[in-house]
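Chemist: Sequence first, predicted model second:
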Amino acid sequence: QRFRDDGDDWTGEIATSLTAAKKLIECFASQSDENNQNAIVIISSVASYFVAEDQPPSYHVAKAGLNQMVRYYAVTLGPKRIRINSVSPGPILKERAKPFYLQNERLFQQYCSIIPLGRMGTPEDIGHITAFLCSPKASFITGQDIVADGGISLQMQESLGRQLLKNQ
């Protein structure tokens, strides 16, 4: 979850993203059965790697902190048979954003044109990755951040710039 309020975004974001996640992880770890496979998945953001101009510094720091927290707990909770990973979504078409994109079809098409998979992600896409990471099929994966962005972050900025000019 992320902090959404008009108050102090730094304090709120750190408390909501980092402190709450730490408490939940430690509570889960204290109640886990070492005889079972246990898995935790944290939802982070590609803003932990890149700058999203529409997000405050607190958001970026909190998401990067979550990714580091995942690595830390992967090492310290691994001996207790607890795996922990994160998923960093890129452009996701959330239900609450659909009206915006319906009114801004050109922007929506622009996004889709620069994403190698040709579409924005969906909450279901993130859910499938999360389910996989919690499943026995991911039993040897821990401490990793899975970037789910349709491949957009794999491209050079110059290539994206040329592609955007071509689409005008």
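Modeler: It's in. Predicted model, so just to flag it, every value in this text is computed and none were measured. Numbering: from 1, shown residues only.
Chemist: the helices in this structure, which residues?
Modeler: Counting by DSSP state H, residue ranges of the helices within the chain are 9-13, 20-31, 57-77, 98-103, 105-114, 123-134, 157-167.
Chemist: And for Ile43, nearest residue in space, chain neighbours not counted?
Modeler: Val87 (5.6 Å; Cβ to Cβ, 6 or more residues apart in numbering). (Each C-beta comes from the backbone N, C-alpha and C, glycine too.)
Chemist: Oops, could you answer that again for Gly78 instead?
Modeler: Thr142 (6.0 Å).
Chemist: The residue nearest to Ile43 touches Thr130, doesn't it?
Modeler: Yes: contact criterion Cβ atoms under 8 Å: Val87 and Thr130 qualify, at 6.1 Å.
Chemist: overlap in contacts of these two?
Modeler: 41, 43 (Cβ atoms under 8 Å, 6 or more residues apart in numbering).
Chemist: Give me the residue at the spatial middle of the protein.
Modeler: What sits nearest the mean C-alpha location of the chain, by Cα atoms, centre = their mean, is Ser88, with 2.3 Å.
Chemist: For that residue, give the beta-bridge partners.
Modeler: Val147 (DSSP bridges).
Chemist: For it, give its distance to Met120.
Modeler: Distance, Ser88 to Met120, by Cβ to Cβ, to the nearest Å: 15 Å.
Chemist: how many other residues sit next to Ser135?
Modeler: Residues contacting Ser135 under the criterion other Cβ atoms under 10 Å number 11.
Chemist: Now do the contacts for it.
Modeler: Per Cβ under 8 Å, 6+ apart, neighbours of Ser135: Ala39.
Chemist: Any chance of the backbone angles for it?
Modeler: Phi and psi for Ser135, reported as degrees, to the nearest 10, are phi -90, psi 160.
Chemist: before we move on, what about the one 5 residues further on?
Modeler: Phe140 has phi and psi values of phi -120, psi 20 when expressed as degrees, to the nearest 10.
Chemist: Could you report the neighbour count for it?
Modeler: 6.
Chemist: out of the helices of the chain, which comes closest to Ile146?
Modeler: Proximity to Ile146 (Cβ to Cβ) singles out helix 123-134 among the helices of the chain, at 5.8 Å.
Chemist: avg pLDDT for the closest one?
Modeler: For helix 123-134, the mean per-residue pLDDT is 98.
Chemist: Give me the contacts around it.
Modeler: Against helix 123-134 from outside (Cβ under 8 Å, 6+ apart): 39, 41, 43, 83, 85, 87, 89, 92, 94-95, 138, 141, 146, 148.
Chemist: list the contacts for the nearest residue to Arg71 once chain neighbours are set aside?
Modeler: Excluding its sequence neighbours, the residue lying closest to Arg71 (Cβ to Cβ, 6+ apart) is Gly143, at 4.8 Å. By Cβ under 8 Å, 6+ apart, the residues touching Gly143 are 70-71, 74-75, 84-85.
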